[in-house]
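Visitor: Below: sequence and its predicted model.
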Amino acid sequence: LDRSHINPVSIACAKFHNAAVSADGRVFTWGLHTEPLGTSNKTKQKPRSMVIATPHLVTGMLPENGGGTAVAVSVSENHTAVLTDSGHLYTWGASHGNNVLGHEGVKWQPSPKKVPGVYRAVGVAAAKEHTVLLVGTSFPRVLDKSTEGVRQFDSLETLAAKRAAQHV
């Protein structure tokens, strides 16, 4: 992976780590500790602190690994939240209280996990003890712009901007 060509379209910074979404919807993290980075193995034990000085791909967010195409990211001191172009929310990291990550009874989630019941999210903000979503009342239909067998879709952010521009 050539990290010099990430081409970020969304960046979030917190006390101990940073995250970026690339133009092609991949998620990268770097910083201190493994809890919010999503780059650790899938063990249930909390790993010891570490430093990742350069952006690392969060492979658990790749569509082929059960993730999705990211369009937005927000980070807090200990966790990361990502929205996909299909309106789903994925979270990982650690929290002091239950349910902060959106997974019932979970205080530690080492890799990205889809939050159940979130279908039309268009905005996200993460903080130390909570995560807030902006959910659309309707979700725009995604149009297939196929060219020569390659499927390309407008991102949720682009579709929402176009829809909002119709009412200005």
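Guide: Nice, thanks for sending it over. Note that the structure is predicted; figures quoted are calculated from it, not measured.
Visitor: so where is this protein shaky, pLDDT-wise?
Guide: Counting by pLDDT under 70, the low-confidence segments of the chain come to 1-4, 33-36, 39-49, 138-157, 159-160, 168.
Visitor: quick one, strands of it?
Guide: For the chain, the strands defined by DSSP state E cover 8-13, 17-22, 27-32, 51-57, 70-75, 79-84, 89-94, 108-114, 121-127, 130-135.
Visitor: Could you export these to TSV, including columns for distance to His167 and mean neighbour count?
Guide: C-beta here means a position set from N, CA and C on the backbone, and glycine is covered the same way. Listed next are the strands of the chain as TSV, based on distance: least, Cβ to Cβ, whole Å; neighbours: other Cβ atoms under 10 Å:
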stretch	distance to His167	mean neighbour count
strand 8-13	24	16
strand 17-22	26	23
strand 27-32	31	22
strand 51-57	37	14
strand 70-75	21	25
strand 79-84	22	28
strand 89-94	25	26
strand 108-114	31	20
strand 121-127	15	19
strand 130-135	17	15
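Visitor: how about the ones you listed, which one is nearest Pro63?
Guide: Taking Cβ to Cβ as the measure, the strands of the chain were each checked against Pro63, and strand 79-84 came out nearest at 8.9 Å.
Visitor: Tell me the helices and strands packed up against that closest one.
Guide: Of the remaining helices and strands, those touching strand 79-84 by 3 or more Cβ pairs under 8 Å, 6 or more residues apart in numbering; DSSP states H and E are strand 17-22, strand 70-75, strand 89-94, strand 108-114, strand 121-127.
Visitor: 6 Å instead?
Guide: Counting contacts by 3 or more Cβ pairs under 6 Å, 6 or more residues apart in numbering; DSSP states H and E, the secondary-structure elements packed against strand 79-84 are strand 70-75, strand 89-94, strand 121-127.
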